[in-house]
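J.: compute the structure for the input listed below.
(chains A and B)
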Number of protein chains: 2
Amino acid sequence: MSDTEAPAAVASLPTVLGALQDPIRLEMVRRLGEAGEPMRCSALYDTISKSTAAHHFKILRESGITARETVDGQTWVRLRTEEVGAALPGLLDAVLAAANRTKE
Amino acid sequence: MSDTEAPAAVASLPTVLGALQDPIRLEMVRRLGEAGEPMRCSALYDTISKSTAAHHFKILRESGITARETVDGQTWVRLRTEEVGAALPGLLDAVLAAANRTKE
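T.: Modelled structure (predicted):
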């Protein structure tokens, strides 16, 4: 059983940049970009509490960068690559590339 | 007589995104991108005070996005297109394109 909530529109450029400028959220997005598929929430962070992570997931979701999907009672996070790419062409690609270079 | 201060290195991705996520700074950068050449500080903002503008210029400069140049006692701001492009390929292009689309 799959339950996908109605996704937010991709937010304005300042809001999207604001969502991405936080190192924890940037790492969440980087991992999603690397995976190329939805991931479990818990796979997207290491050293922060679950409630702190929930705060960051909310900001990503409200900016339209990610969507939450519930499959068989389990929550997954999906990077909205196409939607963000359509709203802000090239931005996510450039951010992911730079984030991965930093990670190397 | 030209006096160009030693430019900062382009900052980390989170810092650069943090500098760009503010609407006032984004508009400063957008105008510089459109002009394609250094501009006088006062041409880069409208409705804020000079001291508020100075604060925003400092953040852009410290993140390595802009440089301040003094020519004959007058201060100009230059967008460091090449330096940012080398450090974070595609990012500034994507941001400028999106900012200009919003402006249309």
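J.: residue A:31: which element?
T.: helix A:23-35 (DSSP states H and E).
J.: how about the helices in chain A?
T.: A:13-20, A:23-35, A:50-62, A:81-87, A:91-103 (DSSP state H).
J.: deepest of those, which one?
T.: helix A:13-20 (a mean of 23; mean count of other C-beta atoms under 10 Å in any protein chain shown). Placement of C-beta: from N, CA and C, glycine included.
J.: show me what that one is packed up against.
T.: Counting contacts by 3 or more C-beta pairs under 8 Å, 6 or more residues apart in numbering or on different chains; DSSP states H and E, helix A:13-20 is packed against helix A:23-35, helix A:50-62, helix A:91-103, helix B:13-20, helix B:23-35, helix B:91-103.
J.: dump stretch A:90-101 to CSV, restricted to CA.
T.: Backbone C-alpha positions of stretch A:90-101 (Å, rounded to 0.1, in the frame of the first residue of the first chain) are rendered in CSV as follows:
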residue,chain,number,x,y,z
GLY,A,90,20.8,23.3,-13.4
LEU,A,91,20.7,24.3,-9.8
LEU,A,92,20.4,20.9,-8.2
ASP,A,93,22.9,19.4,-10.6
ALA,A,94,25.5,22.1,-9.7
VAL,A,95,24.8,21.7,-5.9
LEU,A,96,25.0,17.9,-6.0
ALA,A,97,28.2,18.0,-8.0
ALA,A,98,29.8,20.5,-5.7
ALA,A,99,28.6,18.6,-2.6
ASN,A,100,30.1,15.3,-3.9
ARG,A,101,33.4,16.9,-4.8
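J.: any residue of it touching chain B?
T.: Yes. Using C-beta under 8 Å from any C-beta of the partner chain, stretch A:90-101 reaches chain B at A:90-91, A:93-95, A:97-99.
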